[in-house]
Every structure is written in C-alpha cells, then in structure tokens.
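Visitor: no sequence on this one, just coordinates:
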C-alpha cells in the first residue's frame, strides 16, 4: 500500500470590519446504528412504519419494564471505533440523562456520560490533493434516540410517535480541530463514508440517520496555536452550539453565519454568550434556543437497571479481523495498483459500491481506461437518469466486456460509446452485440487500402494541399472512416493515408 | 373442613397431595375470609374468578401427579407486581385505571407453578413508607391489637397489605418487595416470616420500580419452611432483567436441617442503638441464647459504617426513585390532569404529578431530584455511593473472617398506632428501617422471624442476615430460631 502524505489545509479566515478572525469548530454527530432491533428492546427499527407500531413495552416505559442491551448494537459501536482507529473501552457503563418530554417516555435517555464505549480516534479529512486535516475524535458513546413529537396535525393537540424511541445512536464527538465551514462539511462527509463502508450507519441524512450538533467559536490568528500548545481552552472564544443539522449545505451556511454573528458582537465590544442555537435555513440565520442558564440540569447518574458493559479483548480482535478495507486504504491501493490519479481514486472510492464496481471492471484490464469509463461514461449516464450505481443497467461485467473489446482492437472508442448505449438501454452481451450488428472494427488492410485509394483519387486538390501541409492528412482519415461506417481501425487508416500521400 | 385458610403452605401441600382437600376448597375458604375482612383493608383488588379458574386447573394438575410444591396454594399479590389485565397501581392514584398487558416474571412463575391469585394487596404508595399510611387506597390495619386497647395499629410498610393478609389468614402466603425493609419490618410487626433474598435472586421485570439497585421481591409466609418453598418458586434467572443473576436455584427446603452446630453467628455491636427499648434488647439476647444453645458459635462483630447506612439509603433510594417515577407523566397511561384552555405540556406534567402522587412520594422525588442536581451530585449521591461501598465491605470483612450469619433485631419497636407518627418529623418514620437498610445497600439476603411478644402482647421479630446467594443456609438458621422461639401466637379475631 502506498503511504500518502498530506499537508494541513490553511484555516479559513473571515475578515471582520476591524480585523481578521479564525474559526474553531467541533462536531457531535449522532449516527443511527444499523441494526434490526432497538438498543434496549426487541422492537423493529424499520423506517417509515405506521406511527407507534414499532414500540415494545420498554420503549413506551410501561411500569416495571427493564432495558436489556442489544449485543449487536454494541458490536456495531466497537466496529465503528475500530474503523476510526480509536481506543475500545473494555469497560463502559450506561447513565441516565433525565428530562421531561412527551417523546421521551421514560423521562430519561439512557446514554454513556461517564464511561463511553469508544475513546480517542481520528479521521483524515481531505481538502484537495495532498491536503488533509487530521480531526481527532474524542469519544463515541451509545445512547437511545427519542421519539417524534408532531405539533402541526391539530390546532389543540400534539401527537407522539414512539417508533424511533429507543433506537440506538452513536454520538461521535470530535475535538475542536476543524477550522472552517468546508472542513466541517468534509468531516461529516468523510465520517459518513467510513460509517457506510463499515455498515454501521446508513448515513441517510434526510431520514435523520445522521444529524450533527455543531460547536462554533471564533478567535484571533495565533490563538488556536496557543490552544494547541497548552490545550487550554481559555485561548479560544466562547462557543455556541447549533443543534440538529441534517444537511452538509446547511452545516456550512450555519457555521458561516454563526461565525460572522460572533465576530460582529466581538468587534462591537460585546461578548459571545454560550448558548444553544437553531439554524433556520429559510432565513439563513441562527437563533437562540436556550441560554446556558436555561440549560437543562440532566441529573446524570449510573443507570441501576443495567450492569456495566464489560467486553472481551478477544471479541474486539475478532471484530477487527472482520473489518472491511476502509476508504483511505482503498484509495491508496487504487493509486498504487491501478495507476489512478488522486482525483479518480477519490471518486471511485467515494462509496463501497462504486469501488467494488470499478474493481470488477478493472480486473485484468487497463485500470486507467476502466476508471475513465466508469467515471466519465457510466457515472455520467447514471447521473442523467438519476440512478445509483447499485441500480446501474450496465453491470460491471458488461462494462468490462466493452473495455476488453476496445483493448483487443475489435472496436474503436467511438463505436464503444455506441455499444455502451446499446448495452445500457437494451442489455445483452457486448461481444455478441458487436458480432450481430457488424460493429467490429475493419482491420483488413486490403479493404481499407481500397477506400483510401478511392478518396485520394476523388480529391486531387486536397491531395495537393495535404502534401504541402501534412496536418491536413486528418481530413483523409475522416473521409475514410466515414466511408467505412466508422468500423475501420483508425491506426491502420492513419498509417495508410500517410503512406499513400507520401508524408 | 374448617379454617383451611389458616393452613401453612407445607400443610396445605400435604393435604392437597393426600387428596384431603382440594385447591378449590382452599381457595373458597380464603375468598370467604377475605370478604369478611374488609376492615383490614388488605386486599384492594379481588380476583375470585381468576382464583377459582386457577384452583380448578391446579386440582387437575395435582390429580395427575407430580404437581409442583406451590400447586393449588392461594396467594395474595402485592399491588407493586404487574398482573395482566388486573389493576396494578403500586398503591398510587397516578396509576388509577392501569391494567398491564403483561405479567411480571415472578407472578408468572408462581402461576406456572400452580399458585392461585386471590387478589392484589395494599401497600404504601410506590413502596415508600413504613406504616402503610401513604397508600391511595387508605391504610391497612394490623390484625394485632395492644392488650385490650382497640386502637388500630399499623401493619408496617410498605408490604403492609401482604403482612396483614398473611397474619389474618386471608391467604396462605403473599408476595412482598423490600427496598429498605419493606418485607422484614411488616413481617416483624404482624408476627410472620419474611425474607428478602440476595439482590438478583428474583427478577424485577414487571415489578413497579422504586429504587432499582435496592428493590428485591420475596415471600411473606406463616413459617420458615413456607418461605423456603415459596422463595424457590419466585427465584431464578430472567434474561429480561439485566441485574438478575444467572445462577441455579438451590433446593431451599432441603437446606432446613435444623442443624447449625459450629456455625459462626455474628452479633454486631453497632446495632445496639441508644434508646432501644429493653424489650428489643431482651429479645435479641434471647435469640442469641437460642442460637448458642443450638450449637452455634456466637461472635461479637463490628460493622463500623452502620450509622451511615440510613442517611446513604435516603439519598440513593430517592435519587433512583426520582428518575424511575419520571415516566408517570400522564402521557401514556394512568392519571392525567384536566387542563384549562391554554395550558401546555408543562402544566400537564405539574398538575398530573401533583394530583397523582401523595405527599411522601412527592417528598422523595424532590429529595432525589435535589441530590442528583448539578453542584450537589458529588456531595450527596457520589458520597452516598461511597458509603454504600464501605457498608458492603464491612459485611465482606466479617464474612471473610468466617461469620456465616448475623443476628439483629428486625425493628426498633413493635407495631405503632396508625396516625401516631402523623405529626412527627419524616425522619422518625425513616428510623423504622435502621436495622434493615444495610442489607439492601449490601445486596444481601435478610430474613425476619417472629421471636416473641412485647408486654402489650404485640409480636416482635429478629433479623438474620446471610452471605450472598446463601439463602438456604440463612433459612436454616432462621428455622432453628423459629423452632427454638416456638412463636405460635395469633391475633384474636376482632374484625
């Protein structure tokens, strides 16, 4: 595997009215654990079910009901931790976070405040070729999701859907290592990519499978470096937390707005108040949700219904051994083994399905050619029809077949595109189609020679010009290709034309 | 056959197996007695149809042979246990109208073993109380009276309905639960046997939670043998309760050999409280002598952190309760306050909980909320947990030194009058638990055995504390004490 080296990106600077400012950003990402059952009950986690149909007695907090940990969710959290090169805590424990809300039937959320299951890890966030930020992950803990309150169905009543209540979430907490809105979006995007590779979260932000709370503060240039040296947060500004963001675009816009809001306050001689804010995408602004004083006192304490979670190193090792190849490694391998560019390797490893598709296409064939076809032809065509790679009408085997025909010299690149379109719309085996429809390239020199002779004979004036300006030989090649219906081998035509014209 | 309701489980078992009586007869005798005992206010929900159906099925099972020990035995069930389709209110108005769609693991095990459910038994609201005066159903009355005084006495709490029902022979035995003494204190107040097993021995699934790390169910019976028989039916690993121990259930009855020769029994000096009544002192000394006479080696021991147990308990139990009771919010089941126009969710919570919870529950929810709040957590909850660890260590130290059981009084006094504590500081009431809470904090098994009468003719009990998971051994020591004390008194029927 090729070791890729990176330099850190330049932090984003925002020019205030008086001076320049830098941003410091940390994220708490809530990722729904991919699991058929909830964290502490056997109820289904299926999205989009009838309201209140996936609810066990534990989820609705019936009297005397008790939680029992779902081992698979623990395994998924461990797998995630390993995927983020993080420490796995063999001892962790669950705590209760107490607050009242109708979509929180127990009156508390079971979470892991004091002893999370996963400790320090890191994520490499690429910001361009050779440029990347190493963002440290502070911890990952398991917790229950809340249900859904619906306030707009009736003027006098609110409704509660408990289907999501108790679904397992991983809260992935970063250190304040992110230095701009684009980096924040790239961080979430990279995290999403890794989780999807691992199969521990489907990463569907629209359905709320991934949501982020974004902590933003601003500081003067140089302050962040002082913080890094001392790990003293005193060098950084007061932060505000923007809650519950579920789009990469909104995350960027909200951070940008929030940073500018804070800068304006500071430059006005004011001070930023630590608080929780909400982003309004319609107005592109953040609004105060609750101040530090109004903040809930969650009265965390260890959940007496659950024993501490103790896991074995051997089990962790077993999970580690079963980890799939992750994006960074796969990208490096694509560059090394297939000679791909950094960009092409990034595009092809964006998701597991694309990477796998490419590998099938490229197996035993020209990697660069395969990459070109997958990225330019296939992805372009799929995008036109708004299709995912998993829905591609052309299979990897079919596309591989097309590329094999090109390499063998059976078809030209131009014919190959026609063939691709036929396979895409009608299906079928590429070489059978080429045979059946007479699309095979003509490499018979005699036939091509006759065509060349004919064109030369028919165009004496052009011959004269071409002999003075050899660049015009291309016109003859074009005429021959036209005359042969595009099936003549272009290299052969080229050579013959030059020879016959005496160039 | 008359007065079948007065039988012990073991006697009834023998008669059922011999074909001398049927479960239907036993059940009918109990139902009739219950009907006449409304004054005691022990049974608050009656289930005669269920009882008779179960009794018929039990008779068929007994006739077929190989019926379990508890088959055909009519029981009362504390209202804290969720019983499918039968009101289960934990003695609280906030659960009025609540009928669970599920059966607690323990009651399910009892029905599977052929036991009969006569109905639900009164209790202090959410098991918070030592006199049964906090119940939404009104207080239970102790069948015992002082001499010729007809003042109504408390049966103790929180399992007061269970205690009163067993003592008055309304049922052969009853389930109880014990968070700080709620089985042992009422058992002592009415002259019956009550055992709180090791934490994790009996499933908590389907039992309304008070303080999860302390709650443990157990039987309240007319004899130590009955306690052994019924405990076996209630015990066992339950995968639905993460704190339930995955251990086999020993044959507790087989452990009742009556032989404790050479057994080391500790007498903890810290349980000799200032101002302890002479009668309690004497009872304890008598109990000690009985065990010594039976061949046990009596050892003076020290459990130095005992005096911190009660304050630690009254931090930990309310803390857990404040969180456990958050679910009673009027949203999904039970009582919901009527709201005025314009009132919102916070009003609904406040009104519902103000109307649904009685003063003692409100007090403990507030204490619990306070001790867990930011800035106080370390000073109260964390410190209380440290005390708990020290108390546990005290017991481990004496057990490591070879002590096999510890003898203490069960309560600091005999049953007191209903309403007598009405104007007292709540802490006075909490002092009832002073001998029993240590056992819950340490997760140990503890049993109360009737050992004598005070000069007013009221029963007094002694407590034996055992090593974790050694209920069989503990029951055997209790059995020896029971035999030696020869406690046979029954309250005269006045109700």
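Guide: On my side now, so go ahead. Just so it is clear, the model here is predicted, and its values are computed rather than measured.
Visitor: for chain A, what's the nearest residue on the stretch 351-495 of chain B?
Guide: residue B:372 (3.8 Å; CB to the nearest CB). From N, CA and C alone the C-beta is placed, and that goes for glycine too.
Visitor: which residues of the stretch 301-450 of chain B lie near chain A?
Guide: B:319-320, B:322-323, B:325-327, B:329, B:331-333, B:345, B:349, B:369, B:372-374, B:377, B:381 (CB under 8 Å from any CB of the partner chain).
Visitor: residue A:328: what secondary structure?
Guide: helix (DSSP: H, G, I helix; E, B strand; the rest coil).
Visitor: what about it, neighbour count?
Guide: By other CB atoms under 10 Å in any protein chain shown, 20 other residues sit near residue A:328.
Visitor: please state the backbone phi and psi of the closest residue in space to it that isn't next to it in sequence?
Guide: Spatially, and ignoring its direct neighbours in sequence, residue A:328 is nearest to residue A:124 (5.9 Å; CB to CB, 6 or more residues apart in numbering or on different chains). Backbone torsions of residue A:124, given as degrees, to the nearest 10, read phi -90, psi 120.
Visitor: try residue B:138
Guide: Backbone dihedrals for residue B:138, given as degrees, to the nearest 10, come out at phi 90, psi 160.
Visitor: that one and chain A, how far apart?
Guide: Using CB to the nearest CB, to the nearest Å, we find residue B:138 at a distance of 21 Å from chain A.
Visitor: can you count the residues close to that residue?
Guide: Neighbour count for residue B:138, taken as other CB under 10 Å: 12.
Visitor: what is the neighbour count of the closest residue to it other than its chain neighbours?
Guide: Closest residue to residue B:138 apart from its sequence neighbours, by CB to CB, 6+ apart: residue B:41 at 5.8 Å. For residue B:41, the neighbour count with other CB under 10 Å is 20.
Visitor: next one: residue A:166
Guide: Residue A:166, neighbours per other CB under 10 Å, totals 30.
Visitor: pretty sure it contacts residue A:42?
Guide: No: assessed by CB atoms under 8 Å, residue A:166 is found out of contact with residue A:42, at 10.3 Å.
Visitor: overlap in contacts of these two?
Guide: residue A:56 (CB atoms under 8 Å, 6 or more residues apart in numbering or on different chains).
Visitor: which of the residues of the stretch 301-450 of chain B next to chain A count as buried?
Guide: For these, a burial check counting by 16 or more other CB atoms under 10 Å in any protein chain shown picks out B:319-320, B:322-323, B:325-327, B:329, B:331, B:333, B:345, B:349, B:369, B:372-373, B:377, B:381.
Visitor: which ones are touching residue B:212?
Guide: Taking CB under 8 Å, 6+ apart as the test, what residue B:212 contacts is A:304, A:305, B:204, B:243, B:320, B:324.
Visitor: next one: residue A:65
Guide: Each residue near residue A:65 by CB under 8 Å, 6+ apart is listed here: A:57, A:58, B:205, B:206.
Visitor: doesn't residue B:21 make contact with residue B:59?
Guide: No: the pair residue B:59 / residue B:21 is not scored as a contact, 9.7 Å apart, by CB under 8 Å.
Visitor: more neighbours: the two, which one.
Guide: Between residue B:59 and residue B:21, counting by other CB under 10 Å, residue B:59 is the more crowded of the two (23 against 19).
Visitor: hang on, that one in a helix?
Guide: Yes: Residue B:59 sits within a helix when classified using three-state DSSP.
Visitor: against residue B:28, how distant is it?
Guide: 12 Å (CB to CB, to the nearest Å).
Visitor: now do residue B:187
Guide: Distance, residue B:187 to residue B:28, by CB to CB: 27 Å.
Visitor: of the two, who's got more company?
Guide: residue B:187 (38 against 18).
Visitor: check contacts around that one.
Guide: Residue B:187 neighbours (CB under 8 Å, 6+ apart): B:156, B:159, B:163, B:176, B:193, B:194, B:220, B:410, B:448, B:450, B:461.
Visitor: residue A:27 now?
Guide: A:172, A:173, A:174, A:178, A:184, A:187, A:188, A:212, A:213, A:214, A:215.
Visitor: out of these, which sit inside helices?
Guide: A:184, A:187, A:188 (DSSP state H).
Visitor: and the residue lying closest to the second one once chain neighbours are set aside, bridged to which residues?
Guide: Closest residue in space to residue A:187, ignoring its immediate chain neighbours: residue A:125 at 4.9 Å, by CB to CB, 6+ apart. Using DSSP bridges, the bridge partners assigned to residue A:125 are residue A:133.
Visitor: neighbours around residue A:125, how many?
Guide: 25.
Visitor: which one (most neighbours) among the contacts of residue A:65?
Guide: The residue in these with the most neighbours, by other CB under 10 Å, is residue B:206 (28 neighbours).
Visitor: if I look at the closest residue to that residue other than its chain neighbours, how far off is residue B:208?
Guide: Nearest in space to residue B:206, with sequence neighbours left out and distances taken as CB to CB, 6+ apart, is residue B:104 at 2.7 Å. Relative to residue B:208, residue B:104 is positioned 9 Å away (CB to CB).
Visitor: got it, and residue A:403?
Guide: For residue A:403, the distance to residue B:208 (CB to CB) stands at 69 Å.
Visitor: and those two? Which one has more around it.
Guide: residue B:208 (31 against 22).
Visitor: the more buried one contacts residue B:82, correct?
Guide: Yes: if you go by CB under 8 Å, residue B:208 and residue B:82 touch, sitting 6.9 Å apart.
Visitor: overlap in contacts, the two.
Guide: With CB under 8 Å, 6+ apart, residue B:208 and residue B:82 have common neighbours A:63, A:64, B:88.
Visitor: include neighbour count and secondary structure when you put those residues into JSON lines, please.
Guide: Formatted as JSON lines, the shared contacts of residue B:208 and residue B:82 follow (neighbours: other CB atoms under 10 Å in any protein chain shown; DSSP: H, G, I helix; E, B strand; the rest coil):
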{"residue": "A:63", "neighbour count": "27", "secondary structure": "coil"}
{"residue": "A:64", "neighbour count": "22", "secondary structure": "coil"}
{"residue": "B:88", "neighbour count": "28", "secondary structure": "coil"}
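Visitor: what residues does the stretch 151-300 of chain A put near chain B?
Guide: Close to chain B, as judged by CB under 8 Å from any CB, the stretch 151-300 of chain A has residues A:158, A:160, A:297, A:299, A:300.
Visitor: returning to that earlier point: so the residue nearest to residue A:187 sits against residue A:136, correct?
Guide: No: in this structure, residue A:125 is not within contact of residue A:136 by CB under 8 Å, at 11.1 Å.
Visitor: how's chain A carved up into domains?
Guide: Using automatic domain parsing, the domain parsing of chain A gives A:5-298, A:325-436, A:445-501.
Visitor: with distance to residue B:65 added, can I get these in TSV?
Guide: As requested, these are exported to TSV (distance: least, CB to CB, whole Å):
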stretch	distance to residue B:65
domain A:5-298	35
domain A:325-436	63
domain A:445-501	93
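Visitor: out of these, flag the one nearest residue B:234.
Guide: Each of the domains of chain A has some distance to residue B:234 by CB to CB; the shortest is domain A:5-298, at 15.1 Å.
Visitor: could you give the separation of the host helix or strand of residue A:127 from the chain centroid?
Guide: According to DSSP states H and E, residue A:127 maps onto strand A:121-128. Between the centre of strand A:121-128 and the centre of its host chain there is 12 Å, according to CA atoms, centre = their mean, to the nearest Å.
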